[in-house]
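# coordinates only, no sequence provided:
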């Protein structure tokens, strides 16, 4: 009997999530119909970027390593 209740709980969560996802999708579709083309951003060509500063001439050391634990690196 407990197995059936657990399965029912999982199914209830699944259907609630699916229903919310469908409602969100329908809301986005309605927004696209209402605001579609007028809300798009116009892309204009910009001039070429000019480099005003150069990187430092001094050497640096970069250490890369793969950490297997979830602790942040200390500096």
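Yes, it's here. Worth saying up front: this structure is predicted, and the values here are computed from it rather than measured.
# so residue 47, which state does it fall into?
coil (DSSP: H, G, I helix; E, B strand; the rest coil).
# distance check, it against residue 66.
Separation of residue 47 from residue 66 (Cβ to Cβ, to the nearest Å) stands at 42 Å. The way it works is simple: take the backbone N, C-alpha and C, and place the C-beta from them, glycine included.
# can you pull out the helices in this structure?
In the chain, the segments counted as helices under DSSP state H are 2-35.
# burial measure for residue 43, as a count.
Using other Cβ atoms under 10 Å, residue 43 is surrounded by 6 other residues.
# can you check residue 46 too?
Residues near residue 46, counting by other Cβ under 10 Å: 6.
# contacting residues for it?
Going by Cβ atoms under 8 Å, 6 or more residues apart in numbering, residue 46 touches no other residue.
# need phi/psi at it.
phi -100, psi 160 (degrees, to the nearest 10).
# can you give me the distance of it to residue 53?
Applying Cβ to Cβ to residue 46 and residue 53 gives a distance of 20 Å.
# what does residue 11 give?
For residue 11, the distance to residue 53 - Cβ to Cβ - is 60 Å.
# neighbour-wise, which of those two wins?
Using other Cβ under 10 Å as the criterion, residue 11 and residue 53 rank with residue 11 on top: 10 against 5.
# per-residue confidence at the more buried one?
Looking at residue 11, its pLDDT reads 83.
# roughly how far apart are it and residue 4?
According to Cβ to Cβ, residue 11 stands 10 Å off from residue 4.
# what of residue 62?
57 Å.
# same thing with residue 45?
The gap separating residue 45 from residue 4 is 64 Å, by Cβ to Cβ.
# of the two, who's got more company?
Shown here are residue 45 and residue 4; by other Cβ under 10 Å, residue 4 has more neighbours (8 against 4).
# that one: what's it in contact with?
Residue 4 neighbours (Cβ under 8 Å, 6+ apart): none.
# quick check: end-to-end length of stretch 44-55?
30 Å (Cα to Cα, to the nearest Å).
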